[in-house]
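> Structure for the following, please:
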Amino acid sequence: MKLAVAGLWIFASAMLVAPDANADIKVGIVVSASGPGSALGQPQMRTIAALPKEIAGEKVVYIPLDDESDPTKGTQNVRRLVIQDGVDILIGSSLTPVTMPMLDVALESRTPIISLAAATAIVQPIDDRRRWAFKVVPNDDLMASAILKYIAKSGVKTLGYIGVSDGYGEGYYKEISRLAPTMGLTVTTHEVYARADTSATGQALKVIATNPDAVFIASAGTPAVLPQEALRERGYAGKIFQTHGVASEEFIKLGGANVEGAVFTGEAFTIADDLPANDPFRQVRDEFVASYEKVNGSSPNIFGAHLWDAIALFKRAVPNALKVAKPGTPEFRAALRDELERGKDVYLNNGLSTMSATDHNGYDERSAFLIKVEGGKFRLVK
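Numbering: from 1, shown residues only. Sure, this is the predicted structure:
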């Protein structure tokens, strides 16, 4: 308790010496542009140049920092952003383990934070710590439920599991092990590996030894290739399921033939070309792609879309927050938090979002699309 009070006092003292209000709206962005999470953070860094420079008539200043995929660095970055830079909102991090300690800084400084990571634990359960936290990536429990329903319907009875040994992988394992028995599925293994590992052969062999009907891999970015590659190279011919964390061209390029046939539940962005031209999800995707390509000269991926969606939610909250207070004030930050909670039926690259006081993710199964790697592309499973 004394430490918490001391932390609040430090932040309060810092804010007292800061100006009463900023001339501009300041957005602090912390992503994993280097380290094991760089496959996620690099596209997010490149997205910054495509973001709106003005919202509701106010200039917006973005202050991006690299957390190097390290929780300590991430926490240092957000402390700097709220104390030194006086940001009105925090965006980040790319990874769940980096995001979790950042929530403490958001609470202490009373600054809303929109995470770009996936784990349900970032926003659930809603308590004092998570009251200031929101998330644009669909919760792992939602995606796990959707893919398990498909797995069960496909005739699978036994399911091997390999996941990364951090909050993302463990969050998925928690949901998989909880939901599987309710759908007639038996999980045969709980193998883990680190994102920075260069091989997952040992884990693959242990899974194969249990002779499962299918294998579920909970990882993100290019590290998700390792287990599937190891399984195929060791002769496993069963079905392999992944998570929405693999939805990038780098996954397909690196995995090649080894990742063909992988099935996962993912976001609309990934299969937008398979949707009708007038579909709201496709229109949101097209707007993002056009803005990104204009400044980067190349096409974006879903990880860049995470940042775009976070700013889309922020953009909707700003006009009403400005009616309450000026940027750079505690009142403005609190008003932003309240407005984020009021977003209803917002079409994003990541899904259809309706936030509330009890749901800071805002998605249901309308946001979970069944996707397959087929012919070197991500295709919607009809």
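> Would you indicate which residues of the top helix by length along the chain are buried?
The residue-count maximum for a helix in the chain (DSSP state H) belongs to helix 302-324. Buried residues in helix 302-324, counting neighbours by 16 or more other CB atoms under 10 Å, are found at 302-314, 316-318, 321-322. Heads up, the C-betas are built off the backbone N, CA and C, glycines and all.
> for stretch 171-188, same thing?
171-176, 179-180, 185, 187-188.
> Those residues into a markdown table, with extra columns for distance to residue 147, pLDDT and secondary structure?
Shown next, in a markdown table, are those (distance: CB to CB, whole Å; pLDDT from 0 to 100; DSSP: H, G, I helix; E, B strand; the rest coil):
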| residue | distance to residue 147 | pLDDT | secondary structure |
| --- | --- | --- | --- |
| 171 | 14 | 88 | helix |
| 172 | 10 | 92 | helix |
| 173 | 13 | 95 | helix |
| 174 | 15 | 93 | helix |
| 175 | 10 | 93 | helix |
| 176 | 9 | 96 | helix |
| 179 | 10 | 95 | helix |
| 180 | 11 | 97 | helix |
| 185 | 11 | 98 | coil |
| 187 | 13 | 98 | strand |
| 188 | 17 | 98 | coil |
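> any idea which of the residues you listed is closest to residue 216?
Nearest to residue 216 out of the buried residues of stretch 171-188 is residue 176 (CB to CB; 6.2 Å).
> What number of residues are in the vicinity of the residue nearest to that closest one when sequence neighbours are not counted?
Leaving aside its chain neighbours, residue 176 sits nearest to residue 144 (5.7 Å; criterion: CB to CB, 6 or more residues apart in numbering). Applying other CB atoms under 10 Å, we find 26 other residues in the vicinity of residue 144.
> In this structure residue 144 contacts residue 173, no?
No: checked against CB atoms under 8 Å, the pair residue 144 and residue 173 is beyond contact range at 9.3 Å.
> Distance check, the residue nearest to residue 176 against residue 226.
From residue 144 across to residue 226, the span is 21 Å (CB to CB, to the nearest Å).
> what bridges to residue 27?
Assessed by DSSP bridges, residue 27 has beta-bridge partners residue 62, residue 89.
> measure it to residue 172 for me?
30 Å.
> Could you give the backbone dihedrals for residue 152?
When read as degrees, to the nearest 10, the backbone of residue 152 gives phi -60, psi -40.
> quick one: the closest residue to it other than its chain neighbours from residue 168, how far?
Nearest in space to residue 152, with sequence neighbours left out and distances taken as CB to CB, 6+ apart, is residue 183 at 4.1 Å. Distance, residue 183 to residue 168, using CB to CB: 22 Å.
> that older thread, closest one of the buried residues of stretch 171-188 to residue 132?
Of the buried residues of stretch 171-188, the one sitting nearest to residue 132 (CB to CB) turns out to be residue 171, at 20.1 Å.
> So for that closest one, what's the nearest residue that isn't a sequence neighbour?
In space, residue 171 is closest to residue 119, 4.0 Å off (CB to CB, 6+ apart).
> From residue 204, how far out is that neighbour?
24 Å.
> which non-adjacent residue is nearest residue 225?
Using CB to CB, 6+ apart, the closest residue to residue 225 is residue 255 (4.3 Å).
> typo on my end, residue 366
Nearest to residue 366 is residue 352, by CB to CB, 6+ apart, at 5.3 Å.
> Give the partner strands of the host helix or strand of that neighbour in its sheet and their orientations.
According to DSSP states H and E, residue 352 maps onto strand 351-353. Sheet pairing here is set by DSSP bridges, and for strand 351-353 it gives strand 346-348 (antiparallel).
> Now find how far off-centre the strand it pairs with is within its chain.
Its chain's C-alpha centre and that of strand 346-348 lie 15 Å apart, by CA atoms, centre = their mean, to the nearest Å.
> Contact partners for residue 169?
163, 192, 218-219 (CB atoms under 8 Å, 6 or more residues apart in numbering).
> Done for today, thanks.
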